[in-house]
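>>> coords please:
(chains A and B)
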Amino acid sequence: MQSIPIEHGLILAGILFALGLVGVLTRRNIVFVLMSLEVMLNASGLAFVVASARWGHADGQVMFLMILTLAAAEVAVGLGLIIQMYRKFKTVDIDVLSEMKG
Amino acid sequence: MMILFYIAATVAVVSTVGVIVQSNIVHALIYLILSLLAVAVVFFSLGAPFVAVLEAIVYAGAIMVLFLFVIMMLNMGQHTLDQEKTWMAAKDWALPAGLAAILLAQLLYVLREYRVDIVPNEVGVLEVSALLFGPYVLAVELASILLLAGLVSAYHLAKK
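This next block holds a predicted model:
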C-alpha cells in the first residue's frame, strides 16, 4: 500500500479550517455561520484522525467521536436558538443581535 | 489509497468553498453534505473505516437533516436570497478572507519541514471500542450527559 505524507493530511485540515473561519467571519446569515462552524469542527476532527493514522493508535479516533458528539449537541442547541431568534426578530441577520436588551 | 486521498481532498476543498460562497442556503447545505462525504472518504483512505462510516451516518445523515428541517421551518424565500446577495459584497469579505489566508499561510509555513510518511494500516472498530469501553469510559459517560443536556435545551429553546 502506498504511503501518504502526514503533512498533506494536516494541510487539508488547515485549509478546511481556514475556509470555515472565512465563513464565520464574513457571512451575516446565522444559519451560514452555524454551517461554517460545522466545517471548522470537522476540520479539527480530521486533524485528530490524521494524527491517529500517523501513530497507528485509535486514540485520535476516540477524540473524533467526542468531537462528533459535541457537534451534534452544539447544532441542536444552536438551531433551537435560531428558531427562537427568527420568532422574535423575523430575520436571520446576526446584526440584530448586537443589542443586549431583547 | 494515495490517489483516493488526493481526489477526496480536492473534492472536500472545492465543495467547502461552495459552502461559503453560495447565497442559496439549500445549495450551500448540499455542498456541505458533499464536503462531509469527501472527508469521510479521506478518513477511509487514512485507514479509519469506523470513523468514516460515523462521519457519513451522523454528520452527513443526522446533523445535516437537522439543518434541513430548520431551513424548512424558517421558510426563507426570495427575499432572503436577495438580501444574501447584497451582503456578499467584495469589500465586506476581502479583509476577513485575507486575514484567514495569512493564518493559513503561517500554518503551512510551520508544517513545511515536517515530513513523515504514513502507511495507513487499518485501525478498525475493535481497537476503537476497546479504548471507548476501557480507558475512555468516563469520557463516554460525559458525552452522554452532554447529549442529554443538548436534547433538553433544544426542546426547551424550540418550544413556543
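>>> use CA for all of it now, contacts and neighbours both
Will do.
>>> Now whichever helix in chain A runs longest: buried residues?
Ranked by residue count and defined by DSSP state H, the top helix of chain A is helix A:59-89. For helix A:59-89, a neighbour-count test (16 or more other C-alpha atoms under 10 Å in any protein chain shown) marks A:59-85 as buried.
>>> before we move on, what about stretch B:51-71?
Applying a neighbour-count criterion of 16+ other C-alpha under 10 Å, one finds B:51-56, B:58-60, B:63-64, B:67-68, B:70-71 buried in stretch B:51-71.
>>> What about chain A: which of those residues touch it?
Of the entries in the buried residues of stretch B:51-71, the ones placed beside chain A under the rule of C-alpha under 8 Å from any C-alpha of the partner chain are B:51, B:58-59, B:63, B:67, B:70.
>>> Okay, and the most centrally placed residue in chain B sits in which element?
The centre of chain B sits closest to B:Leu36, judged by C-alpha atoms, centre = their mean, with a distance of 5.3 Å. Taking DSSP states H and E as the criterion, the element that holds B:Leu36 is helix B:25-45.
>>> Tell me what angle that helix forms with helix A:59-89.
170 degrees (axes from the mean of the first three to the mean of the last three C-alpha atoms, to 10 degrees).
>>> Show me how far helix B:25-45 is from its chain's centre.
Offset of helix B:25-45 from its chain centre (C-alpha atoms, centre = their mean, to the nearest Å): 7 Å.
>>> which strands and helices sit next to it?
Applying 3 or more C-alpha pairs under 8 Å, 6 or more residues apart in numbering or on different chains; DSSP states H and E, one finds that helix B:25-45 makes contact with helix A:30-55, helix B:2-21, helix B:49-54, helix B:64-74.
>>> coming back round to it: thought the residue nearest to the centre of chain B was touching B:Gly61?
No: under the criterion of C-alpha atoms under 8 Å, B:Leu36 makes no contact with B:Gly61, lying 9.8 Å away.
>>> Comparing the helices and strands packed on helix B:25-45, which comes out most buried?
With neighbours defined by mean count of other C-alpha atoms under 10 Å in any protein chain shown, none of these is more surrounded on average than helix A:30-55, at a mean of 22.
>>> That one near chain B anywhere?
Yes: using C-alpha under 8 Å from any C-alpha, helix A:30-55 reaches chain B at A:32, A:35-36, A:39, A:42, A:46, A:49-50, A:53-54.
>>> Next: stretch A:10-19.
Yes: applying C-alpha under 8 Å from any C-alpha, one finds stretch A:10-19 touching chain B at A:11-12, A:14-16, A:18-19.
>>> Excluding sequence neighbours, find me the nearest residue to residue 11.
If you meant another chain, say so; for now it's chain A. B:Leu108 (6.7 Å; C-alpha to C-alpha, 6 or more residues apart in numbering or on different chains).
>>> Sorry, I should have been clearer: chain B.
B:Ala38 (6.2 Å).
>>> Let me see the confidence value for that neighbour.
B:Ala38 is assigned 95 on the pLDDT scale.
>>> doesn't B:Ala8 make contact with it?
Yes: with contacts counted by C-alpha under 8 Å, B:Ala38 reaches B:Ala8, the gap being 5.1 Å.
>>> Run through the chain and note the low-pLDDT ranges.
Going with chain A. Across chain A, the stretches falling below the confidence threshold (pLDDT under 70) are A:1, A:100-102.
>>> should've been chain B
In the prediction, chain B carries no residues with pLDDT under 70.
>>> So it: which segments form each domain?
When chain B is parsed with automatic domain parsing, its domains come out as B:2-89, B:124-160.
>>> Same list, the ones you listed, but as JSON lines with distance to A:Val96 please.
Compiled in JSON lines, these are given as follows (distance: least, C-alpha to C-alpha, whole Å):
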{"stretch": "domain B:2-89", "distance to A:Val96": "14"}
{"stretch": "domain B:124-160", "distance to A:Val96": "19"}
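>>> B:Met1 versus B:Ser45, what's the distance?
Counting by C-alpha to C-alpha, to the nearest Å, the separation of B:Ser45 from B:Met1 is 5 Å.
>>> more crowded one of these two?
Set side by side, B:Ser45 and B:Met1 give different neighbour counts by other C-alpha atoms under 10 Å in any protein chain shown, the larger being at B:Ser45 (23 against 16).
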